[in-house]
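Chemist: Here's my sequence, what's the structure:
(chains A and B)
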Amino acid sequence: MFNIQCSIYFVLLHGKHVLNFEFINFESRNMNSELKKVRVRFAPSPTGPLHIGGVRTALYNYLFARQHGGDLIFRIEDTDSGRFVPGAEEYIIESFKWLGIQFDEGVSFGGNHGPYRQSERRDIYKKYVQQLLEGGKAYIAFDTPEELDAKRAEIENFQYDASTRMQMRNSLTLSKEEVDALIAEGKQYVVRFLIEPGRDVIVDDIIRGEVRINSSILDDKVLYKSADQLPTYHLANIVDDHLMEVTHVIRGEEWLPSAPLHVLLYEAFGWADTMPRFAHLPLLLKPVGNGKLSKRDGDKLGFPVFPLEWHDPKSGEVSSGYREKGYLPEAVVNFLALLGWNPGNDQEVMSLDEMVRLFDLSKCSKNGAKFDYIKAAWFNHQYLLKLPDEAWVPSFDKVLREQGITSTPEKEAEVVRMMKLKVIEYTDGQGQKHKRNISFVSDLWPLTRFFFVAPTGFDTEDKFVRKNWKEGTADEMKQLADVLATVEDFSVEGMKPAVDAWSERTGIKPWNAWRICLVGEGQGPDMYELAAFLGKDETLRRMASAIEKLG
RNA sequence: GGCGCUUUCGUCUAGCGGCUAGGACACAUGCCUCUCACGCAUGGAACACGGGUUCGAUUCCCGUAGGCGCUACCA
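Modeler: Numbers count the residues shown, from 1 in each chain, chains lettered A, B, ... in the order given. A predicted model of the protein is given here:
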């Protein structure tokens, strides 16, 4: 037995970062383990769409795997046949594809540790259940759900454990003949883990340090159900992680309470010296109020909790997705990564590759993070601005089409160029009005309508109109129209000298009124740019219409 | 109820015994300006509470309170 404290310091020559990969404490493990290739897994249950919290867990696994040159495994934990939802598995795969999180092996990715779907590993689990049974580490229990309910009603805080198991119908209280007979006559049973009470179990967590609990508070967990010939999560998880040579288990905090059970299982199998290291991530909490983030919160406040839109096959209900809402995958990943981790400096906007370089499990925060969808939108804004204007076009064109407008990619890119730095007003879940940057391509529509549709009426009550359209304004606009009519080259460069000269000569500052003519209100881009975009005919037509209507 | 995790601006967080407690989002103000903005600048805003340990605690320990999770033949 060796006690080795192993810290490896990598100095990256092409960067000023000194990374301290502490991996840590190979206490009571053999020498080989420190040379083992890092292997992590993301193992969702196909019971519905992938929750955004799950995305973050997968992301952290991905970052950790990449950083250590390890493998990321995609395993499907479908041991609860009753909760299987068709399409969920495909949805999850599609989600990661969109997000740019790549797996090295697993369902749909290949690999030589398969099969990676737990429902296809029945025979494997049976063998290990048998091993536990033969070693006296587990036992067979025949108690029906009804009997258990009765017991719970009878005994306050009933728990199936050392204090009660001898009152139950199981292979510890029944003779071997009785047990065999019950099985022979087809009685359903479960296999329970026999927990020895009174032992301190230590879970060594990378994020939380040593977590110590006493085995007496653990119950004899069901490991296997004869009804569907499948193990429960706990057994399947340990067997698979062992067989798939998983080195680090990075998962949500909701698993922390059962981690001691898992440690005990590794011991029972005799795998303690190759047991993976654990890291339990803090949970994602709802933005307002208490509790963890749920689908309901998203619906209420208007942000998605799923990466992709999800059509529930049973209820027909549709849940919104980040992709369909107009989020860029890079923005989602960046935002999510920073919910519970940060590189320790002030850097916030970073690529997946940068995150791989900087990621550090031990720097993850321990407490739950409220989901701040306002900041998620800000991240999208950042990534949207990095995109060339042409890259906005496909989405923008789609938005325009929905409004019944057809245009050309060139024109659309031009509008994007002029308008992408504007802000938009929006109403939050509480009915409060706010302004924010253009965060989604679809934000452009309310700000760009006038590029494609002439103002139909004018709101004379509007502050901007009242202030900028006075007695002589119509006449001034007529003069401006006359000037513009003489301009041959109707580009910014072509018209600006003529207009400026006229303005200089007459002392008239025409821009705000001109804006009313072309836009109808006090917003929009530079007037020369707008006029150039609309062209001479449309510009003059709109001016004439405004002069007529506003007088 | 039991067990575990957790607690720095409204939110995400930096801090790892001595700091005017830093940054980002959001908010407010100013500058810029033909509008709305962008940008830039500035500002308000936090160590849950009570005990220890220490020359000195945001930082270490113990309580209390709050938050979160688990407590299934679900994961």
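
Chemist: And the contacts of the host helix or strand of A:Gln382?
Modeler: Using DSSP states H and E, A:Gln382 sits within helix A:373-386. Helix A:373-386 is contacted by residues A:287, A:301-303, A:326-328, A:330-332, A:334-335, A:349, A:392, A:420-421, A:436-441 when judged by C-beta atoms under 8 Å, 6 or more residues apart in numbering. (C-beta placed from N, C-alpha, C; glycine too.)

Chemist: From A:Val333, how far off is A:Met350?
Modeler: 10 Å (C-beta to C-beta, to the nearest Å).

Chemist: ugh, wrong one, A:Leu50
Modeler: From A:Leu50 to A:Val333 the distance is 14 Å (C-beta to C-beta).

Chemist: for A:Val415, same thing?
Modeler: 28 Å.

Chemist: do A:Gly110 as well
Modeler: Distance from A:Gly110 to A:Val333, by C-beta to C-beta: 24 Å.

Chemist: Compare these two (neighbour count), which wins?
Modeler: The neighbour comparison of A:Gly110 against A:Val333 (other C-beta atoms under 10 Å) goes to A:Val333, with 26 against 11.

Chemist: secondary structure element for that one?
Modeler: helix A:329-337.

Chemist: That helix to helix A:373-386, inter-axis angle?
Modeler: 140 degrees (axes from the mean of the first three to the mean of the last three C-alpha atoms, to 10 degrees).

Chemist: what helices or strands is helix A:329-337 leaning on?
Modeler: Helices and strands touching helix A:329-337, by 3 or more C-beta pairs under 8 Å, 6 or more residues apart in numbering; DSSP states H and E, are helix A:52-67, helix A:88-99, helix A:322-325, helix A:352-358, helix A:373-386.

Chemist: repeat that for 7 Å
Modeler: helix A:52-67, helix A:88-99, helix A:373-386 (3 or more C-beta pairs under 7 Å, 6 or more residues apart in numbering; DSSP states H and E).

Chemist: any chance of the ones you listed in TSV, with distance to A:Glu120, mean neighbour count and mean pLDDT too?
Modeler: Output for the helices and strands packed on helix A:329-337, formatted as TSV (distance: least, C-beta to C-beta, whole Å; neighbours: other C-beta atoms under 10 Å; pLDDT from 0 to 100):
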stretch	distance to A:Glu120	mean neighbour count	mean pLDDT
helix A:52-67	21	24	97
helix A:88-99	12	19	97
helix A:373-386	37	19	94
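
Chemist: Could you find the closest non-adjacent residue to A:Thr164?
Modeler: A:Phe158 (6.7 Å; C-beta to C-beta, 6 or more residues apart in numbering).

Chemist: Am I right that A:Gly520 sits in a strand?
Modeler: No - A:Gly520: not assigned to a strand; according to DSSP: H, G, I helix; E, B strand; the rest coil it is coil.

Chemist: And the residue nearest to it when sequence neighbours are not counted, what's its pLDDT?
Modeler: Distances taken as C-beta to C-beta, 6+ apart put A:Pro455 closest to A:Gly520, at 2.9 Å, once the chain neighbours are dropped. The pLDDT attached to A:Pro455 in the predicted structure is 92.

Chemist: From A:Val492, how far out is A:Pro455?
Modeler: Counting by C-beta to C-beta, the gap from A:Pro455 to A:Val492 is 22 Å.

Chemist: RNA strand B contacts on the stretch 201-350 of chain A?
Modeler: Within the stretch 201-350 of chain A, the positions near RNA strand B by C-beta under 7 Å from any atom of the strand are A:208-209, A:211-213, A:217, A:219, A:222, A:225, A:227, A:230, A:232-233, A:253-258, A:282-283, A:285, A:290-292, A:338-340, A:342, A:344, A:346, A:348.

Chemist: Helices - which of those land there?
Modeler: A:Tyr233 (DSSP state H).

Chemist: Tell me how far A:Gly70 lies from A:Val246.
Modeler: Taking C-beta to C-beta, one finds A:Gly70 at 10 Å from A:Val246.

Chemist: Counting neighbours, go ahead and name the busier of those two.
Modeler: When neighbours are counted by other C-beta under 10 Å, A:Gly70 and A:Val246 differ, and A:Val246 comes out ahead with 26 against 19.

Chemist: Who are the contact partners of that one?
Modeler: Counting by C-beta atoms under 7 Å, 6 or more residues apart in numbering, A:Val246 makes contact with A:Arg39, A:Val40, A:Arg41, A:Pro276.

Chemist: Out of those, which end up buried?
Modeler: Buried members of those, scored by 16 or more other C-beta atoms under 10 Å, are A:Arg39, A:Val40, A:Arg41, A:Pro276.

Chemist: circling back to that earlier point, please point out which parts of the helix or strand following the helix holding A:Gln382 sit buried.
Modeler: Once helix A:373-386 ends, the next helix or strand along the chain (criterion: DSSP H and E) is helix A:389-402. For helix A:389-402, a neighbour-count test (16+ other C-beta under 10 Å) marks A:Trp392, A:Val393, A:Ser395, A:Phe396, A:Asp397, A:Val399, A:Leu400 as buried.

Chemist: Stretch A:165-183 now?
Modeler: A:Arg165, A:Met168, A:Arg169, A:Asn170, A:Ser171, A:Leu172, A:Leu174, A:Val179, A:Leu182.

Chemist: residues contacting the fourth one?
Modeler: Spelled out, it's A:Asn170. A:Tyr139, A:Ile140, A:Ala141, A:Phe142.

Chemist: Could you look up the SS state of the second one?
Modeler: Reducing the assignment at A:Ile140 to three states with three-state DSSP gives strand.

Chemist: how about the closest residue to it other than its chain neighbours, what does it touch?
Modeler: In space, and not counting its chain neighbours, A:Ile140 is closest to A:Ser171: 4.2 Å by C-beta to C-beta, 6+ apart. A:Ser171 is in contact with A:Tyr139, A:Ile140, A:Val179, counting by C-beta under 7 Å, 6+ apart.

Chemist: Can you give me the distance of the second one to A:Tyr125?
Modeler: It stands for A:Ile140. For A:Ile140, the distance to A:Tyr125 - C-beta to C-beta - is 15 Å.

Chemist: one step back: and the contacts of A:Ser171, which is closest to RNA strand B?
Modeler: Distance to RNA strand B, by C-beta to the nearest atom of the strand, is smallest for A:Ile140 among those, at 11.0 Å.

Chemist: check contacts around that closest one.
Modeler: A:Asn170, A:Ser171, A:Val179, A:Tyr189, A:Val191.

Chemist: before we move on, what about A:Gly54?
Modeler: A:Pro44.

Chemist: go with 10 Å
Modeler: Contacts here follow C-beta atoms under 10 Å, 6 or more residues apart in numbering; on that basis A:Gly54 touches A:Phe42, A:Pro44, A:Ser45, A:Ile92, A:Ser95, A:Arg251, A:Gly252, A:Leu284, A:Phe306, A:Pro307.

Chemist: try A:Ile438
Modeler: Per C-beta under 10 Å, 6+ apart, neighbours of A:Ile438: A:377, A:380-381, A:384-385, A:392, A:416, A:419-424, A:444, A:447.

Chemist: ok, now A:Lys126?
Modeler: A:Tyr224, A:Gln229, A:Leu230, A:Pro231.

Chemist: would you say it is within a helix?
Modeler: Yes - judged by three-state DSSP, A:Lys126 forms part of a helix.

Chemist: Tell me which residue in the stretch 251-400 of chain A sits closest to RNA strand B.
Modeler: For the stretch 251-400 of chain A, C-beta to the nearest atom of the strand, closest residue to RNA strand B: A:Asn290, 2.4 Å.

Chemist: ok, how many other residues are close to the closest residue to A:Leu265 other than its chain neighbours?
Modeler: Distances taken as C-beta to C-beta, 6+ apart place A:Ile238 nearest to A:Leu265, at 4.5 Å, with adjacent residues excluded. By other C-beta under 10 Å, 26 other residues sit near A:Ile238.
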